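give me a 3D structure for the following:
(chains A and B)
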Number of protein chains: 2
Amino acid sequence: MQGLSCGTSRIVGCRFSVYPMTDNFVEVIKGALEEVDSSKVWQQTDDVSTLIRGRSEHVFDVAKAIFVHAAKTGVHVVFNGTFSIGCPGDSDADTYMSEDDVRLNEQSSQKEQVEVASQFALYPLNNPDYMQIIADQKEVAEKHGTFTKGVHYASRLDGDANDVFKTLEEAFVNTSKTKDQSHVTMTAAISANSPSKKDK
Amino acid sequence: MQGLSCGTSRIVGCRFSVYPMTDNFVEVIKGALEEVDSSKVWQQTDDVSTLIRGRSEHVFDVAKAIFVHAAKTGVHVVFNGTFSIGCPGDSDADTYMSEDDVRLNEQSSQKEQVEVASQFALYPLNNPDYMQIIADQKEVAEKHGTFTKGVHYASRLDGDANDVFKTLEEAFVNTSKTKDQSHVTMTAAISANSPSKKDK
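Okay, the predicted model is just below:
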């Protein structure tokens, strides 16, 4: 089970998939991957998802870049994944923690303007105050101008992909730095170019 | 944030999306929905996801049926969602808890044979023993013959969609019945007809 193989350090991981709703989804994904420099994260892909692990800033940098470069094609693309930190277990890829903090893909991601709708949920594990910790992150989203509303089991963000990812990163990192909080996960579904009418 | 609007009762919810990787994804989704009887769950769809809530058996019945009927088209289809029970907050749709336990879509789902690969993770909230509770569910998956291996942050299941959903349901319900365990969430990504080589 997941308990048997996740990290002991403050390494951040993200297990995610990017779903382009098109017949040539393979080309869209491969094209996006080619534009992203993922040399500062440990990466593993199987037939269900991709896992990246490393410093928080690089995990968010790479996740965002892959999504943005897929979404800029104009195809309906969804990113769906779970970020994790502090999971008790092994410490694979801890060497990646010694990378510097320069984000390799930020510049190219910032060049793209992709409007997205996102639903995310924070799970601070093993903490009796978890509901308050979650509620506190609403302010982060409001500060970034991305918060739309709470929905069942999640919060909704809308805006530019760069702003939405920034919000998610800050909410996640804030939560992971809460006193006595070790293990935190965060799910996020981020959708671009949906033909559905927006229901904010 | 999610804390402000989720259920107080033992109502189960699932916020999920079905992603058909094809140009006619809208038709695949609509076609699947037309074949599913969702009258025993409360349902709400927006541009990012669909939310169904009700008795555990009907939530799993409807989620599975929508996925199976989309996947039987042969298109690469992924179900990605989060199941939840015991989230403190409101109790919308509690009237659906008075439905009987007869699953409306089981028969039609069982007629289809769809091979799937799944990665799922359990999150028992506010419980110091959460890692052990998670590890205990490995036995459920082994009993159903679907357990393949633990991966970072998740467990991998392979097999027929009906067996995989049965495993997920049992692991989730078992966890929710653990002593003193109120709030549990479970993420699941379930993939069918992927062109990628299986990497079990």
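
where along chain A do the helices fall?
Using DSSP state H, the helices found in chain A span residues A:25-34, A:56-71, A:106-110, A:130-136, A:138-143, A:161-176.

in JSON lines: these, plus distance to chain B and mean neighbour count.
Glycine gets a C-beta too; all of them are placed from N, C-alpha and C. Converted to JSON lines, the helices of chain A look like this (distance: least, C-beta to the nearest C-beta, whole Å; neighbours: other C-beta atoms under 10 Å in any protein chain shown):
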{"stretch": "helix A:25-34", "distance to chain B": "4", "mean neighbour count": "16"}
{"stretch": "helix A:56-71", "distance to chain B": "12", "mean neighbour count": "25"}
{"stretch": "helix A:106-110", "distance to chain B": "21", "mean neighbour count": "15"}
{"stretch": "helix A:130-136", "distance to chain B": "4", "mean neighbour count": "19"}
{"stretch": "helix A:138-143", "distance to chain B": "5", "mean neighbour count": "16"}
{"stretch": "helix A:161-176", "distance to chain B": "9", "mean neighbour count": "22"}
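
dump those to TSV, plus mean pLDDT.
Shown next, in TSV, are the helices of chain A (pLDDT from 0 to 100):
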stretch	mean pLDDT
helix A:25-34	96
helix A:56-71	98
helix A:106-110	98
helix A:130-136	93
helix A:138-143	92
helix A:161-176	97
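
quick one: closest of the ones you listed to residue A:12.
Nearest to residue A:12, of all the helices of chain A, is helix A:56-71, at 4.4 Å by C-beta to C-beta.

just want the angle from the closest one to helix A:25-34.
Here the directions of helix A:56-71 and helix A:25-34 differ by 140 degrees (axes from the mean of the first three to the mean of the last three C-alpha atoms, to 10 degrees).

reformat the helices of chain A as a markdown table; add distance to residue B:166.
As requested, these are exported to a markdown table (distance: least, C-beta to C-beta, whole Å):
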| stretch | distance to residue B:166 |
| --- | --- |
| helix A:25-34 | 29 |
| helix A:56-71 | 32 |
| helix A:106-110 | 41 |
| helix A:130-136 | 30 |
| helix A:138-143 | 37 |
| helix A:161-176 | 33 |
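
contacts only, for residue A:104.
Shown in contact with residue A:104 (C-beta atoms under 8 Å, 6 or more residues apart in numbering or on different chains): A:37, A:39, A:40, A:58, A:61.

how far away is it from residue A:44?
19 Å (C-beta to C-beta, to the nearest Å).

and for residue A:13, the neighbour number?
25 (other C-beta atoms under 10 Å in any protein chain shown).

how about the residue nearest to it when sequence neighbours are not counted, what does it touch?
Nearest non-adjacent residue to residue A:13, counting by C-beta to C-beta, 6 or more residues apart in numbering or on different chains: residue A:53, 4.2 Å away. For residue A:53, the contacting residues are A:7, A:11-14, A:41-43, A:59, A:92-93, A:96, B:152, by C-beta under 8 Å, 6+ apart.

can you tell me which of these are in strands?
Counting by DSSP state E, the contacts of residue A:53 place A:12, A:13, A:14, A:42, A:43 in strands.

reformat these as TSV; add distance to residue B:145 and pLDDT.
Converted to TSV, the ones in strands among the contacts of residue A:53 look like this (distance: C-beta to C-beta, whole Å; pLDDT from 0 to 100):
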residue	distance to residue B:145	pLDDT
A:12	34	95
A:13	28	95
A:14	30	97
A:42	31	95
A:43	31	95
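
which one of the residues you listed is nearest to residue A:136?
Nearest to residue A:136 among the ones in strands among the contacts of residue A:53 is residue A:12, at 19.8 Å by C-beta to C-beta.

burial check on that closest one, number of neighbours?
27.

tell me the buried residues within the contacts of residue A:53.
A:7, A:11, A:12, A:13, A:14, A:41, A:42, A:59, A:92, A:93, A:96, B:152 (16 or more other C-beta atoms under 10 Å in any protein chain shown).

tell me the one of the residues you listed nearest residue A:184?
Of these, the one sitting nearest to residue A:184 (C-beta to C-beta) turns out to be residue A:12, at 9.5 Å.
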